[in-house]
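Visitor: from the sequence below, what's the structure:
(chains A and B)
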Amino acid sequence: MLDTVISSIYRYVGCCIGRGFGGGSRLKPMNIAEKILARASGRSYVEPGEIVDAVVDRVMFHDLTGPMTLKVFEEMGGGLVWDPDRVVVVFDHIVPACSITAAENHVKLRRFVENQGIKHFYDVGRGGICHQVMVEKGHVLPGELVIGADSHTCMYGALGAFATGVGATDMAATLLTGRIWLRVPETIIVKYTGRMPEYLSGKDLILYTISVIGADGANYKAVVYSGDVVSHLSMDDRLTMSNMAVEMGAKTGIFEPDDVTLTYLKGRASSGFALMRSDEGASYSEEYELDVSGMEPQVACPYRVDNVKPVSEVEGIHVDQAFIGSCTNGRLSDLRIAARILKGRRVDKGTRLIVIPASQDVYREALREGLIDVLLEAGAMICNPTCGPCIGVHLGVLAPGEVCIASINRNFIGRMGSRESKVYLASPATVAASSIEGKITDPRRYLGGAV
Amino acid sequence: MIIDGVVVKVGDHIDTDVIIPGRYLGITDPVELSKHVLEGLDPNFPTRLKPGVILVAGRNFGCGSSREEAPVALKAAGVRCIVAESFARIFYRNAINIGLPIVECTGIQSYVKDGDRITVDLSSGIIEASGYIFRFKPLPGFILEILRDGGLTNHIRKLRGLTV
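Guide: Below is the predicted model:
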């Protein structure tokens, strides 16, 4: 009941841009991460280090974390989930099932969804990669607290939500209670300044950011992406950047909601929401200022996401496989830039290109725009929306000694298959250009920019 | 809560893909999972872990995916406690939730070697290792309580008045 009460109060309050949240008396300023946690825990003020008992607005789990979640849920005594309308279940990691075990797991989850009366269920062919589905179908709204049984749940921060990943046991407990304990994080603010070159993407910005902050530089902390440059970033770019906040250890990576957010939510948001933003004078534990003017496309080299180099330093490395897809970079703008680069060209004969649209909707729109045709013509293999190759399970697993350049989020040992394979992370533009030459290639060679 | 065990050391940034590769996810039997633990680091690693191990790690242990199979596999392989310079946050929560004690302690790495016997006192925040005493910030009371119950599952069963 409490969640209903809190959310109704919250919606009544409505728009509160730039003001303290909680009524007449002047409160100490909070940043957006703190404000969302204060609201979710029914408090007027919270500060870093405090542990809050928060009411969640939405939870999500998928076919890979689902089976263990359900096992634990039953071990906890089972029963009914606290609110089936706030639960979203997406099949994406192993779709369609590639083994009997995966198929059995799907059966178990379908039964749970049916028994619990969960309406927001995306079966094989109905949705796509969970994080894309969550934002695309309006399951995430600004100012909300969203918990997902997947580390890249932090992606929803692009919409101004506080979203974070948990494991199966936390998810099971949240399904039962609708609540979760969270430590209020310190917040790092990253300000992007300068003029962003046309060839650069959100992926390049976030790879560079991770190289500066480090793979554990934001552990237990929230990151707020800010500065003049971000107001010009598309939602797709923002989603990529929030998605990878966890690669620097962050709990969540937030963009303050603005016109881009509102435009994206038009026709998607199923209910009202408050545009919560940081108060003036809010404090941050660290501040970074990154000038993006003239920045080169960036590549993260094996086996660390913070092992980032400008593309010019790694050009020429042979790639056996090029992969464009995943929750990080499988959206429409990613397929558009890939098609722009590959139009009228061929994937090198020593290289294979795999393209996976992030969702059924992205897939359909890419077909409508003729992007899929361009990619097929170039020799790409198009696979169905899934996480498959990104976790080294199916549709593009690497052999020992093979090298892949991928638009995904992790390049750990064995991430895409053999522990003796290597993964380089880059933007879809860099991946597409590299597929043409069969080696890591500066995309500016194909985008008309100076190299 | 006092835990003693034999040290097995690992380095910095041990990610969950290395702890349990993606292709083994979907297996829910902890013992089956433990046969592949840290395979990404060394295919023979599972044979180095025996009941009573205390894993001593560097920075950012457990970074990467939210897969709870990572601490589950370590626990089933015999790991009693993990001491690290720092942990990634999801792994931290997952370990506590499945009843695997973990503590953050700075500087211990360079004072212990594989095979040393060490003692970790969770409540007082003291580690005794090779004649040295290391102090760490004790875990908050509610986390110790979850650990005492053997993890969040039993803790919730208790709160719901069910048998543990």
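Visitor: got the CA positions of stretch A:219-230 in PDB?
Guide: Extracted as PDB, the C-alpha positions of stretch A:219-230 are listed here (Å, rounded to 0.1, in the frame of the first residue of the first chain):
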ATOM      1  CA  ASN A 219      32.600   2.400  -7.200                       C
ATOM      2  CA  TYR A 220      29.500   2.800  -5.000                       C
ATOM      3  CA  LYS A 221      28.900   6.300  -6.500                       C
ATOM      4  CA  ALA A 222      26.400   7.900  -8.800                       C
ATOM      5  CA  VAL A 223      27.600   9.700 -11.900                       C
ATOM      6  CA  VAL A 224      25.800  12.700 -13.300                       C
ATOM      7  CA  TYR A 225      26.600  13.600 -16.900                       C
ATOM      8  CA  SER A 226      26.500  17.300 -17.400                       C
ATOM      9  CA  GLY A 227      27.900  20.300 -19.300                       C
ATOM     10  CA  ASP A 228      27.000  22.200 -22.500                       C
ATOM     11  CA  VAL A 229      27.700  19.200 -24.700                       C
ATOM     12  CA  VAL A 230      25.100  16.900 -23.200                       C
END
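Visitor: so how far is that stretch off the chain centroid?
Guide: 14 Å (CA atoms, centre = their mean, to the nearest Å).
Visitor: how about stretch A:295-308?
Guide: 18 Å.
Visitor: so for A:A450, what's the pLDDT?
Guide: Reported pLDDT at A:A450 in the predicted model: 66.
Visitor: contacts only, for the residue lying closest to A:I440 once chain neighbours are set aside.
Guide: In space, and not counting its chain neighbours, A:I440 is closest to A:I317: 4.6 Å by CB to CB, 6 or more residues apart in numbering or on different chains. For every residue, glycine as well, the C-beta is placed using N, CA and C. Residues counted as contacts of A:I317 (CB atoms under 8 Å, 6 or more residues apart in numbering or on different chains) are A:V403, A:Y424, A:K439, A:I440.
Visitor: A:S326 now?
Guide: When contacts are counted by CB under 8 Å, 6+ apart, A:S326 touches A:I129, A:I356, A:A358, A:C387, A:C390, A:A406, A:S407, A:I408, A:N409.
Visitor: report the residue ranges of every domain in chain A.
Guide: Here the domain parsing of chain A from automatic domain parsing is A:1-184+A:245-282, A:308-445.
Visitor: where does chain B have low pLDDT?
Guide: Along chain B, the model assigns pLDDT under 70 to no residue.
Visitor: so which helix or strand takes in the residue positioned nearest the centre of it?
Guide: What sits nearest the mean C-alpha location of chain B, by CA atoms, centre = their mean, is B:I82, with 3.6 Å. Using DSSP states H and E, B:I82 falls within strand B:79-84.
Visitor: what residues does the stretch 1-150 of chain A put near chain B?
Guide: By the rule CB under 8 Å from any CB of the partner chain, the part of the stretch 1-150 of chain A lying against chain B is A:51, A:64-65, A:67-68, A:71-72, A:75-77, A:93-94, A:99, A:101-102, A:105, A:149-150.
Visitor: out of those residues, which are buried?
Guide: Buried members of the residues of the stretch 1-150 of chain A next to chain B, scored by 16 or more other CB atoms under 10 Å in any protein chain shown, are A:64-65, A:67-68, A:71-72, A:76, A:93-94, A:102, A:105, A:149-150.
Visitor: keep only those of these that are in helices.
Guide: Counting by DSSP state H, those place A:P67, A:M68, A:K71, A:V72, A:A102, A:N105 in helices.
Visitor: one step back: now the residue nearest to A:I440: how far from A:D85?
Guide: From A:I317 across to A:D85, the span is 49 Å (CB to CB, to the nearest Å).
Visitor: dump the ones in helices among the buried ones among the residues of the stretch 1-150 of chain A next to chain B into CSV; add distance to B:N97 and pLDDT as well.
Guide: Shown next, in CSV, are these (distance: CB to CB, whole Å; pLDDT from 0 to 100):
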residue, distance to B:N97, pLDDT
A:P67, 16, 95
A:M68, 11, 95
A:K71, 13, 96
A:V72, 9, 97
A:A102, 25, 95
A:N105, 21, 96
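Visitor: B:R93: which of those is nearest?
Guide: A:V72 (13.2 Å; CB to CB).
Visitor: let me know whether the closest one touches A:T169 as I believe.
Guide: Yes - using CB atoms under 8 Å, A:V72 is in contact with A:T169, at 5.0 Å.
Visitor: pull up the overlap in contacts between these two.
Guide: B:T153.
Visitor: what residues sit buried inside stretch A:223-243?
Guide: Buried residues in stretch A:223-243 (16+ other CB under 10 Å): A:223-227, A:229-230, A:233-243.
Visitor: and the end-to-end length of it?
Guide: Criterion CA to CA, to the nearest Å; first-to-last residue distance in stretch A:223-243 is 11 Å.
Visitor: please name the nearest non-neighbouring residue to residue 101.
Guide: You didn't pick a chain, so chain A it is. B:G26 (4.9 Å).
Visitor: switch to chain B, that's the one I care about
Guide: Distance criterion CB to CB, 6+ apart; nearest residue to B:P101, sequence neighbours excluded, is B:C81 at 4.7 Å.
Visitor: any idea how far A:P84 is from the one you found?
Guide: Using CB to CB, B:C81 is found at 38 Å from A:P84.
Visitor: tell me which stretches of chain B form strands.
Guide: All strands of chain B, identified by DSSP state E, fall at B:2-9, B:53-57, B:79-84, B:102-104, B:117-121, B:126-129, B:132-135.
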